[in-house]
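**Q** next comes the sequence, and after it the predicted model I'd like to discuss.
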Amino acid sequence: MVDISSFFADNPLFSAGFGLIGVGAGLAVLRQGARRGADLMKRQLLVSMEIPSHDKSYQWVLGWLSRRGAETIKTADTVSRDMTWVRRRIASAVLPRHVAVQTSYKQHDNGSVSTDFTMVPGQGKHIFFYRGIFIQVDRQRNAKMIDIQSAAPFETVTLTTLSRDRRVFSRILEEAREYALAQNEGRTVLYTSFGPEWRPFGLPRKRRLLDSVILDKGVSAGIVDDVRDFISNGKWYDERGIPYRRGYLLYGPPGSGKTSFIQALAGELGYNICILNLSERGLTDDRLNHLLTVAPERSLILLEDVDAAFNRNRQQSEQNAYQQSMVTFSGLLNALDGVASSDERIILMTTNHIERLDPALIRPGRVDVKVFLGNATGFQIRQMFTRFYGPGSADLADRFAKMLEGHTVSTAQLQGHFVVHKKDAMASIDNVHSLIELTNDSK
Ligand SMILES: Nc1ncnc2c1ncn2[C@@H]1O[C@H](COP(=O)(O)OP(=O)(O)OP(=O)(O)O)[C@@H](O)[C@H]1O
């Protein structure tokens, strides 16, 4: 009888093969162990924060990173020229090698616009140094996924650092937000709706000064006081379970300063403006409701020319739903009532024809303050005159106002007249007949 075990044991070919299998298996176990060990170490030692491109902080963080890049170059430049290699080392250690360009435009106080190019980290991994800590930035694009709102490829930026430094992330987010806000300091951002979200429209504009819009005596101060009072009384509303919102309706003839005043009000409060056109194609009740709920903080919501979208004739407004926008009258009322919102909401509406508005739209709770901005009064004419020609022109202003007595002139027409005669107050008076010809007397 053959002893099988001794046959295998004595067979050199077999034992060598068996040995190899053993070594292979051992290596695989080791490899897996090493991978697991590395994963475990990574989990224990590293923390990361992922910021998807649809999040508001995404652009803030990219902007902030680009500023850090610029600062690093400056720091590197301060190193003495004899130590060029040190400068190179600093720069090559912390500056991304693959950058993407982001072009921004800035409006200066004199109205001119300049272009600014900034380098933001491009796709891939980069390391930067912040407050004594190394942080890895990994910017990735997923070409297969599209952000439906912006139709842009979906991207993420992931910051990774040692877990003992995890608190640095909130500091970075805070700094990035402050940096982004500081870029718009002294400016008013106009937002328009883009699908279900608000997007900045054009460049942030220089704030309009409140005293550049001349309303009748006490009107401007009255509105500003009311809004300020509202803003500072959130707790009061909360304690009484009253929705924290306030609606204003500015009504009056064209060119009386309704829109300009809202811009100046936003400037005065340091707020931005979200402009919504109710007649916009594709706007539905749901979208309107959603937009009013997600308006950026510290913003005024402006619904311009509400009479164009809805008027007394409900029949017509229902037809409207099919012809242009799909917002129904009841949808608008619901959105204004802002069912579950406890956030501050300031809604301003403008119209040239208050008489065409359905009383349900302008009842208290939806419109709390109604202000008539009419054609220029004697007070406004004098104020605008002295604002254009200086405080020394008060006597001429009286004369000019007298000449316009009995005529209906809008403040926009007055502004136009003063712009034509901007350098000469007397010419403005001598040519008052050209203004009277334009007036609304016979209309
Ligand atoms: N009361 C005012 N004080 C200073 N400027 C004014 C005033 N009213 C109008 N203007 C000037 O006239 C122009 C048009 O004003 P604005 O668009 O604010 O009027 P509006 O009442 O909103 O008009 P519409 O009803 O046609 O929308 C702006 O350039 C603005 O500066």
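**A** Nice, I can see it. Residues are numbered from 1 along each chain as shown.

**Q** and Ser279, helix, strand or coil?
**A** Look at Ser279: counting by DSSP: H, G, I helix; E, B strand; the rest coil, its state is coil.

**Q** how many residues are close by it?
**A** By the criterion of other Cβ atoms under 10 Å, Ser279 has 16 neighbours. All C-beta atoms are positioned from the backbone trio N, CA, C, and that covers glycine.

**Q** please apply the same query to Thr351.
**A** 22.

**Q** setting aside sequence neighbours, what's the nearest residue to it?
**A** Once flanking residues are discounted, Thr351 sits nearest to Asp307: 4.5 Å by Cβ to Cβ, 6 or more residues apart in numbering.

**Q** model confidence for the one you found, exactly?
**A** pLDDT, Asp307: 82.

**Q** which SSE is it in?
**A** helix 306-309 (DSSP states H and E).

**Q** show me what that helix is packed against.
**A** strand 345-351 (3 or more Cβ pairs under 8 Å, 6 or more residues apart in numbering; DSSP states H and E).

**Q** would you mark the buried spots in whatever helix or strand comes next after the strand it packs on?
**A** Using DSSP H and E, the helix or strand that follows strand 345-351 in sequence is strand 369-372. Buried residues in strand 369-372, counted by 16 or more other Cβ atoms under 10 Å: 369, 371.

**Q** residues making contact with the helix or strand just after strand 369-372?
**A** Next helix or strand after strand 369-372 toward the C-terminus (DSSP H and E): helix 378-389. Contact with helix 378-389 is made by 211-212, 214-217, 376, 393-394, 396-398, 400-401, 404-405, 409, 411, 414-415, 418, 422, 425, 428, as judged by Cβ atoms under 8 Å, 6 or more residues apart in numbering.

**Q** only the buried subset of those, as a PyMOL command please.
**A** Only the buried entries of the contacts of helix 378-389 go into this PyMOL selection, using 16+ other Cβ under 10 Å:
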select buried, resi 214+215+216+376+393+396+397+400+401+404+409+411+414+415+418+425+428
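
**Q** and the ligand, which of the contacts of helix 378-389 contact it?
**A** By Cβ under 6 Å from any ligand atom, the members of the contacts of helix 378-389 lying near the ligand are 214-215, 411, 415.

**Q** of the residues you listed, which pair is most distant in space?
**A** For those, the farthest-apart pair by Cβ to Cβ is Leu215 and Gln415; their separation is 13.4 Å.

**Q** share the number of residues neighbouring Ile135, please.
**A** 23.

**Q** pick out the residue of the stretch 201-350 of the chain closest to the ligand.
**A** Residue nearest to the ligand within the stretch 201-350 of the chain (Cβ to the nearest ligand atom): Gly257, separated by 2.8 Å.

**Q** verify the contact between that residue and Asp216 for me.
**A** No. Here Gly257 does not reach Asp216: they are 10.2 Å apart, not a contact under Cβ atoms under 8 Å.

**Q** list residues touching both of these two?
**A** Leu373.

**Q** so where is this structure shaky, pLDDT-wise?
**A** Scanning the chain for pLDDT under 70 picks out 1-10, 12-18, 69-99, 102-119, 143-152, 310-325, 339-342, 440-443.

**Q** bridging residues for the residue most central in space within it?
**A** Nearest to the mean C-alpha position of the chain, by Cα atoms, centre = their mean, lies Pro200 at 4.9 Å. Assessed by DSSP bridges, Pro200 has beta-bridge partners Tyr191.

**Q** how close does Phe129 sit to Arg68?
**A** Distance from Phe129 to Arg68, counting by Cβ to Cβ, to the nearest Å: 9 Å.

**Q** mind checking how far Gln32 is from the ligand?
**A** 71 Å (Cβ to the nearest ligand atom, to the nearest Å).

**Q** and that residue, how many neighbours does it have?
**A** Neighbours around Gln32, by other Cβ under 10 Å: 10.

**Q** buried set for the helix or strand where Phe129 lies?
**A** Element membership of Phe129 [criterion: DSSP H and E] is strand 124-130. Buried residues in strand 124-130, defined by neighbour count with 16+ other Cβ under 10 Å: 126, 128, 130.

**Q** mind putting those residues into JSON lines with distance to Val101?
**A** Formatted as JSON lines, those follow (distance: Cβ to Cβ, whole Å):
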{"residue": "His126", "distance to Val101": "15"}
{"residue": "Phe128", "distance to Val101": "18"}
{"residue": "Tyr130", "distance to Val101": "23"}
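
**Q** closest to Asn11 out of those?
**A** The closest of the buried residues of strand 124-130, once distances to Asn11 are taken by Cβ to Cβ, is His126, at 58.1 Å.

**Q** so that closest one bridges to which residues?
**A** Val137.

**Q** so how far is Gly132 from it?
**A** His126 is 18 Å from Gly132, by Cβ to Cβ.

**Q** ditto for Leu20
**A** Distance from Leu20 to Gly132, by Cβ to Cβ: 51 Å.

**Q** those two - which one has more neighbours?
**A** In this view Leu20 and Gly132 are compared by other Cβ under 10 Å, and Leu20 has more residues nearby, 10 against 7.

**Q** thought the residue nearest to the centre of the chain was touching Ser193?
**A** No. Between Pro200 and Ser193 there is no contact under Cβ under 8 Å: 11.7 Å.

**Q** now the element after whichever helix in the chain runs longest, going C-ward?
**A** In the chain, with assignment by DSSP state H, the single longest helix is helix 12-45. Sequence order places strand 46-52 as the next helix or strand after helix 12-45, per DSSP H and E.

**Q** what's that next one packed up against?
**A** Checking 3+ Cβ pairs under 8 Å, 6+ apart, strand 46-52 ends up next to helix 57-78, strand 152-162.

**Q** buried residues of that strand, list them for me.
**A** Applying 16+ other Cβ under 10 Å to strand 46-52 flags 47, 49, 51 as buried.

**Q** could the residues you listed go into a markdown table alongside distance to the ligand?
**A** Shown next, in a markdown table, are the buried residues of strand 46-52 (distance: Cβ to the nearest ligand atom, whole Å):
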| residue | distance to the ligand |
| --- | --- |
| Val47 | 52 |
| Met49 | 45 |
| Ile51 | 39 |
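
**Q** distance to Leu249 added to those, as JSON lines?
**A** Listed next are the buried residues of strand 46-52 as JSON lines, based on distance: Cβ to Cβ, whole Å:
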{"residue": "Val47", "distance to Leu249": "51"}
{"residue": "Met49", "distance to Leu249": "45"}
{"residue": "Ile51", "distance to Leu249": "40"}
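
**Q** all set, thanks.
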